[in-house]
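1. Give me coordinates for this.
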Amino acid sequence: MTGLQDRLTPDQVEEFGQELDALRQRIVDDLGQEDVDYIHDIIKKQRGLEVAGRALLFAGFFPPAWLAGVGALSVAKILDNMEIGHNVMHGQYDWTRDPALSSQRFEWDNVAPAENWRHSHNYLHHTYTNILDKDRDIGYGVLRLDPAQKWHPYYLGNPVYALALAFMFQWGVMLHDLEFDRILKGERKWSDTTDVVRKMVKKASQQVGKDYVLFPLLTGPLAPLTFAGNATANLVRNLWSFSIIFCGHFPADVESFTEEETASETRGQWYLRQILGSANISGGPLFHIMSGNLSHQIEHHLFPDIPARRYPEIAGEVRAICEKYGLPYHTGPLHKQLWSVAKKIVKLALPRTGPSPVTVEPDRQLRAA
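-> Okay, here's the model as predicted:
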């Protein structure tokens with residue numbers, strides 16, 4: 001793997017960074033009522049779909065109504081998770097001064113507490129994107145997703161762990177903040193997790209109570225069907241979120257980095273790392289909305305606090321800038337990116353037969369319990 005410092009000359013990095021800064025500033029200066037109207041319209045549609053879905057489950061004894069209810073509720077949960085919750089909690093609409101769109105006040109329909117997520121995702125992931133041992137999203141503490149992670153027999157289960165994470169993704173995101181792997185290595189004590197666990201228990205209890213107790217009971221004798229409908233909608237949302245997120249971060253061509261090569265990083269070098277460590281997913285307008293525009297993961301990593309609806313309009317310019325400087329712009333359809341991620345997960349379940357392109361000290365790797 002070519003190092004970050006070998007990609008561009010210092011002057012090119014500076015110019016590259018200035019071009020992206022100028023692009024960002026142009027969008028920031030253009031933010032206005034259209035952006036506000038857009039997110040309010042998405043919220044209105046999401047709420048309508050949720051109401052319709054839950055209403056249809058009251059007629060769940062009729063199979064078409066049950067399927068329609070599950071479909072509407074699944075889409076509502078995806079929109080809440082991706083296009084609304086993820087983006088609002090990134091601070092993309094803080095400039096509106098609307099309390100309902102405040103990144104610090106918003107809470108999503110997910111077992112992961114927003115406050116915990118903002119630290120692990122907004123701060124850790126977006127500051128240290130794809131830096132081994134700093135970005136905890138690399139492997140989520142359970143997977144081997146880079147050859148620099150020292151192999152252990154535990155990783156033979158890589159495909160199984162990935163499949164389990166996909167099915168239980170919202171729970172995986174919640175438990176991510178526990179940093180269980182660090183506890184196993186003695187880098188963190190259980191006593192350090194008290195506040196994090198308290199928030200987890202509170203939020204998870206609310207979500208479980210809503211989806212698996214309150215709403216089923218409201219449908220009386222149809223409670224088992226409503227329970228199953230809510231579970232299915234959550235499953236659909238989990239599988240979709242996992243697919244979009246993993247396809248944006250872990251296809252074969254996406255790179256990881258060491259702390260050493262990112263030390264004293266300039267703004268231009270930070271931009272460069274975001275591009276090399278991200279991948280897009282091609283698709284149409286509806287697909288992009290359903291992905292929370294994380295199908296434009298490159299643009300999101302470059303400008304995480306810009307409303308995601310703007311990513312499609314600047315994607316062409318970002319790609320042109322990459323071509324100008326001879327940089328890759330990883331993109332492809334969902335099936336291609338998913339296949340690439342799947343092959344990577346299986347390949348890295350096995351020990352590497354040659355030297356790793358990057359060496360990370362063994363005592364900093366995940367060990368099996």
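2. How much space separates the residue nearest the centre of the chain from residue 291?
-> Geometric centre of the chain, nearest residue: residue 245, 4.4 Å, by CA atoms, centre = their mean. Distance of residue 245 to residue 291, computed by CB to CB, to the nearest Å: 9 Å. Backbone N, C-alpha and C define where each C-beta goes, glycine included.
3. Pull up the overlap in contacts between these two.
-> Residues touching both residue 245 and residue 291 (CB atoms under 8 Å, 6 or more residues apart in numbering): there are none.
4. and the helix or strand hosting the residue nearest to the centre of the chain, what's its mean pLDDT?
-> Element membership for residue 245, per DSSP states H and E: helix 223-249. Helix 223-249 carries an average pLDDT of 97.
5. and what of stretch 268-284?
-> Per-residue pLDDT values over stretch 268-284 give a mean of 96.
6. got it, and stretch 333-348?
-> Average pLDDT, stretch 333-348: 96.
7. can you check stretch 147-161 too?
-> Taken as a whole, stretch 147-161 has an average pLDDT of 93.
8. Enumerate the positions of that stretch that are buried.
-> The neighbour-count check on stretch 147-161 (16 or more other CB atoms under 10 Å) flags 147, 148, 149, 150, 151, 155, 157, 158, 161 as buried.
9. For the residue of the chain most remote from its centre, give its distance to residue 54.
-> Distance from the C-alpha centroid of the chain peaks at residue 221, with 37.6 Å (CA atoms, centre = their mean). Computed as CB to CB, the residue 221 to residue 54 distance reads 16 Å.
10. Next: residue 299.
-> Counting by CB to CB, the separation of residue 299 from residue 54 is 34 Å.
11. So for the two, which residue has more residues nearby?
-> residue 299 (27 against 20; other CB atoms under 10 Å).
12. Quick check: which element contains the more buried one?
-> Secondary structure from DSSP H and E places residue 299 in helix 297-302.
13. Toward the C-terminus, what is the element adjacent to that helix?
-> Heading C-terminal from helix 297-302 (DSSP H and E), you reach helix 311-324.
14. quick one: the residue nearest to the centre of the chain and residue 294 touch, right?
-> Yes. The pair residue 245 / residue 294 is scored as a contact, 6.8 Å apart, by CB atoms under 8 Å.
15. Look up the closest residue to residue 141, ignoring the ones flanking it.
-> Spatial nearest neighbour of residue 141, excluding adjacent residues (CB to CB, 6 or more residues apart in numbering): residue 181 at 4.1 Å.
16. before we move on, back to that, closest one to residue 101 out of the buried residues of stretch 147-161, please.
-> Of all the buried residues of stretch 147-161, residue 101 sits closest to residue 161, with 35.8 Å by CB to CB.
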